[in-house]
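Colleague: quick one: sequence plus predicted model below, questions after.
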Amino acid sequence: MVIGAAVVLFIASFLDYYSYGNSSIDAPSAWDWLGIAIGVYLVGVAGAALIVLSRSQPQPRKVLGLDLAAFGVAATVITAWHLLWTVLDLGSFDAGAGLILGMIASLVLAGAAVASPLVPALKAPLAGAPEPHAVHPPYGGHPQPGQGYGYPGAQQPSFGGQQPGQPQPYGAQQPGQPGQPEPQQAAAPAQQAPAADAAPAGDFTPFWFAVPVARPLYGEDGSPAPIAELAPGTWYLAVEQRGAALIAQTQDGRRGVLQDTTGIQRG
């Protein structure tokens, strides 16, 4: 309504300001007197522009502690007041189409400007507040609260480690189980372990397994040179356990010691 009234007011400034009836005299418009065109008509148009500008921003701008809309309302009221009393006090002159149409447009404009802070439909800003940009997860990712790589409270999987709720690999121990050394105790001398590791487990059941990466298979005689290499994607048979190591049998029947059993997959 404010914009429409301002457009009509601007158009009225180019129409006849006075009317001479059937006289052949060319009736002047408001632009024949710049004081009326700029000081009256354009003041109302500028006031409408300030109101629209104030409503188009989420946070209204202020000048000298007042909103721009307050200056716009004052400008529209001044224009309407001037044109109203001009029409009522013409004397021997007749009001032209530009004066009458301008008065009507200015009254509508002033009424809409004054009613804007009072009517919720007119008070609502033309532009809503900016919404925060959502953080898009990586392709195929589904972010969950308190999860994700790098989150301080999340458990980070390492090579050979398992997430909570998943089956543990062969030879892995749960935190807090009896017999598992604390981090401070893990640095104890390793010379005490070989004697205990040499004894095979009596309740061992053979099973098939696969390794996550290529790992060497050493001879049972303790030679440092590997006799074979276990490759990922191939199933091997574990026939015996010696401490944390396994006695594995390859596809061609060779047997050896697999010393690194972390992360293996049981069949």
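Modeller: That came through, no problem. Residues are numbered from 1 along each chain as shown.
Colleague: quick one: residues contacting Gly219.
Modeller: 225, 227, 256-257 (Cβ atoms under 8 Å, 6 or more residues apart in numbering). Every residue, glycine included, has its C-beta placed from N, CA and C.
Colleague: whoops, Leu50 was the one
Modeller: Going by Cβ under 8 Å, 6+ apart, the list of residues near Leu50 reads 68-69, 71-72, 75.
Colleague: closest to Val213 out of those?
Modeller: Leu68 (68.7 Å; Cβ to Cβ).
Colleague: that closest one reaches Arg55, doesn't it?
Modeller: No - using Cβ atoms under 8 Å, Leu68 makes no contact with Arg55, being 9.3 Å away.
Colleague: who's in contact with stretch 95-110?
Modeller: Against stretch 95-110 from outside (Cβ under 8 Å, 6+ apart): 1-2, 5-6, 8-9, 11-19, 27, 29-30, 41, 44, 47-48, 73, 76-77, 79-80, 83-84, 86-87.
Colleague: convert the C-alpha atoms of it to PDB, please.
Modeller: Taking C-alpha atoms only, stretch 95-110 is exported to PDB below (Å, rounded to 0.1, in the frame of the first residue of the first chain):
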ATOM      1  CA  ALA A  95      -7.900  22.200  -8.000                       C
ATOM      2  CA  GLY A  96      -6.400  20.300 -10.900                       C
ATOM      3  CA  ALA A  97      -6.200  16.500 -11.300                       C
ATOM      4  CA  GLY A  98      -2.600  16.500 -10.100                       C
ATOM      5  CA  LEU A  99      -3.600  18.400  -6.900                       C
ATOM      6  CA  ILE A 100      -6.600  16.300  -6.100                       C
ATOM      7  CA  LEU A 101      -5.000  13.000  -7.000                       C
ATOM      8  CA  GLY A 102      -1.900  14.000  -5.000                       C
ATOM      9  CA  MET A 103      -3.900  14.900  -1.900                       C
ATOM     10  CA  ILE A 104      -5.700  11.500  -2.000                       C
ATOM     11  CA  ALA A 105      -2.500   9.600  -2.500                       C
ATOM     12  CA  SER A 106      -0.700  11.500   0.200                       C
ATOM     13  CA  LEU A 107      -3.600  10.800   2.700                       C
ATOM     14  CA  VAL A 108      -3.500   7.100   1.900                       C
ATOM     15  CA  LEU A 109       0.300   7.100   2.200                       C
ATOM     16  CA  ALA A 110       0.300   8.900   5.500                       C
END
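Colleague: now this protein, which segments are flagged as low pLDDT?
Modeller: Applying pLDDT under 70 to the chain flags the ranges 21-24, 58-61, 119-202.
Colleague: longest helix of it?
Modeller: helix 68-88 (DSSP state H).
Colleague: which strands and helices sit next to that helix?
Modeller: Counting by 3 or more Cβ pairs under 8 Å, 6 or more residues apart in numbering; DSSP states H and E, the packing neighbours recorded for helix 68-88 are helix 42-55, helix 97-115.
Colleague: mind listing the strands the next helix or strand after it pairs with, and their directions?
Modeller: Following helix 68-88 in sequence order, the next helix or strand is strand 94-95 (DSSP states H and E). Strand 94-95 sits in its sheet next to strand 18-19 (antiparallel), going by DSSP bridges.
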